[in-house]
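> 3D, please:
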Amino acid sequence: MDELKNENLKKHYLADPFYRQFFPEDLADRISLVRCRNGEDIICQGQAGTALYVLLSGRCSVSQLLPSGRTVILRTHAAPCLFGEIELLRGQEAAMSIRTLQDCDLFRLPLDQVRNRLINDNRFLRNLCMYITEKEAKNSMQLFQTFAYPLENRLALFILNNLEGSRFRIKKVYIADSLGVSYRQTENIMRRFTEQGVLRKQGLVYTVRDREALETLCREMKPLESGL
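Next up, the predicted model:
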């Protein structure tokens with residue numbers, strides 16, 4: 001994570017409507033503009049929360065290490081969004097890990113400098129409550145998709161959500177755990193996608209060759225999204 005000393009870029013992001021709906025203007029001098037490279041951890045599970053982050057560009061994955069030692073990828077988020085809001089409110093250790101799927105720009109707000117200001121700001125708290133509610137509604141939808149649609153559709157969505165450019169390189173055991181299916185089921189669908197020319201396998205890395213085919217499978221899931 002590198003701090004960017006670019007005042008023009010910082011001013012550009014400070015004017016973003018997503019940022020402005022949450023944060024008062026007097027916090028601008030306490031904010032750092034940082035850049036995380038592809039595959040870099042922003043927040044690590046089990047570590048004390050030290051900052052609130054605003055994702056300004058790029059995409060990240062959210063994962064959790066289970067007591068069994070298995071890692072489950074819960075969801076992905078694209079800019080703009082917040083990370084660390086629960087740690088801000090509750091002061092607890094991070095329950096999940098956040099990792100970048102591409103280069104990302106973020107605002108970093110140190111909790112020891114902004115916590116008291118934010119938790120006593122009614123406008124911030126009101127908008128944060130609405131944001132958390134909307135996020136949980138989306139999470140519930142994703143959970144329901146686990147039971148409502150065939151694995152082929154869910155795997156297509158999982159691949160698109162976790163792409164790094166056109167590459168997909170998540171281990172099949174993580175895919176299986178994240179989708180609640182067996183390794184063999186995952187392997188069968190991935191092999192089918194490869195045979196159909198949707199994916200190309202090169203060692204442990206897959207490259208998407210037919211994005212439209214994956215997007216078509218995802219569109220079959222759209223009626224559920226509009227109904228929630």
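> hey, let's count contacts and neighbours off CA atoms from now on
Will do.
> Pop the domain breakdown of this structure in here.
As recorded under automatic domain parsing, the domains making up the chain are 2-139, 149-227.
> lowest-confidence stretch among these?
Among these, domain 149-227 carries the lowest mean pLDDT, a mean of 87.
> And the longest helix anywhere in the chain, what does it pack against?
Ordering each helix of the chain by length in residues (DSSP state H) puts helix 122-148 first. Other helices and strands packing on helix 122-148, by 3 or more CA pairs under 8 Å, 6 or more residues apart in numbering; DSSP states H and E, are helix 17-22, helix 111-119.
> ok and it relative to helix 111-119, angle-wise?
Here helix 122-148 runs at 100 degrees with respect to helix 111-119, directions being taken by axes from the mean of the first three to the mean of the last three CA atoms, to 10 degrees.
> Out of the helices and strands packed on helix 122-148, which gets nearest to Asn139?
When the helices and strands packed on helix 122-148 are ranked by distance to Asn139, counting by CA to CA, first place goes to helix 17-22 at 20.1 Å.
> Go ahead and name everything in contact with the closest one.
Residues from elsewhere that reach helix 17-22 (CA atoms under 8 Å, 6 or more residues apart in numbering): Tyr13, Leu14, Val54, Pro80, Arg123, Phe124, Asn127, Leu128.
> from what I can see the first one touches Leu56, true?
Spelled out, it's Tyr13. Yes. Assessed by CA atoms under 8 Å, Tyr13 is found in contact with Leu56 at 7.1 Å.
> Which residue of these two possesses the greater neighbour count?
Set Tyr13 next to Leu56 and count neighbours by other CA atoms under 10 Å: Leu56 wins out with 23 against 19.
> which residues pair with Arg59 across the strands?
Ala78 (DSSP bridges).
> How many neighbouring residues does Met221 have?
A count of nearby residues for Met221, using other CA under 10 Å, gives 17.
> on that earlier part again, which two of the contacts of helix 17-22 have the greatest separation?
Set against one another by CA to CA, the contacts of helix 17-22 have their most distant pair in Tyr13 and Arg123, with a gap of 19.9 Å.
> Give me the distance between the longest helix of the chain and the centre of its chain.
Taking CA atoms, centre = their mean, to the nearest Å, one finds the center of helix 122-148 at 13 Å from the center of the full chain.
> same thing with stretch 81-88?
Going by CA atoms, centre = their mean, the spacing between the C-alpha centre of stretch 81-88 and its chain's C-alpha centre is 12 Å.
> That stretch: which residues count as buried?
Judged by neighbour count (16 or more other CA atoms under 10 Å), stretch 81-88 contains these buried residues: Cys81, Leu82, Phe83, Gly84, Glu85, Ile86, Glu87, Leu88.
> repeat for stretch 38-45
Buried residues in stretch 38-45, defined by neighbour count with 16+ other CA under 10 Å: Asn38, Glu40, Asp41, Ile42, Ile43, Cys44, Gln45.
> So the fourth one sits against Thr100, correct?
Yes. Here Ile42 reaches Thr100: they are 7.3 Å apart, a contact under CA under 8 Å.
> Overlap of the contact sets of those two?
Contact criterion CA under 8 Å, 6+ apart; residues bridging Ile42 and Thr100 by contacting each: Cys36.
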